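Engineer: next comes the sequence, and after it the predicted model I'd like to discuss.
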Amino acid sequence: MDFLQFINLISGSNLVVGNGLRSCTAALEQSRTFELHNRRVTLIDTPGFDDTTRSDTEILTSIAVYLSTMYALTST
């Protein structure tokens, strides 16, 4: 079982699981939120480093923007 299959199993999500060496995750995707030990958990699938279509800097920037946006939405 790979990481995305695990995420799909525990969260009841249906994130796309790729095969091979070509990048599958083009944009950040989040799982369905689920409860674990009385806490709400949302897992995030991101493009990997050494991506076949984007630089590491672009990937880190997209992760930072996503996390800061989600923080701003949930901290109000």
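Structural biologist: Perfect, I can see it now. Residues are numbered from 1 along each chain as shown.

Engineer: how about low-confidence regions in the protein?
Structural biologist: Counting by pLDDT under 70, the chain shows low-confidence ranges at 1, 17-26, 76.

Engineer: who touches the residue nearest the centre of the chain in this structure?
Structural biologist: For the chain, residue 45 is the residue whose C-alpha lies nearest the centre (Cα atoms, centre = their mean; 1.7 Å). Neighbouring residues of residue 45 by Cβ atoms under 8 Å, 6 or more residues apart in numbering: 4, 7, 15, 25, 28, 29, 30, 31. In this view, the C-beta of every residue, glycine as well, is placed from N, C-alpha and C.

Engineer: neighbours of residue 10, how many?
Structural biologist: Residues lying near residue 10 (other Cβ atoms under 10 Å) number 14.

Engineer: my guess is it is in a helix, correct?
Structural biologist: Yes - assessed with DSSP: H, G, I helix; E, B strand; the rest coil, residue 10 lies in a helix.

Engineer: please name the nearest non-neighbouring residue to it.
Structural biologist: residue 34 (6.6 Å; Cβ to Cβ, 6 or more residues apart in numbering).

Engineer: that neighbour and residue 11 touch, don't they?
Structural biologist: Yes - Residue 34 lies in contact with residue 11 (Cβ atoms under 8 Å); the separation is 4.9 Å.

Engineer: overlap of the contact sets of the two?
Structural biologist: 41, 42.

Engineer: what about these two, which has more around it?
Structural biologist: Neighbours per residue (other Cβ under 10 Å) separate residue 34 from residue 11, with residue 11 holding more: 18 against 14.

Engineer: how about the closest residue to the more buried one other than its chain neighbours, what does it touch?
Structural biologist: Using Cβ to Cβ, 6+ apart and skipping the chain neighbours, the partner closest in space to residue 11 is residue 31 (3.9 Å). Residue 31 sits next to 7, 8, 11, 13, 15, 42, 43, 44, 45 when contact means Cβ under 8 Å, 6+ apart.
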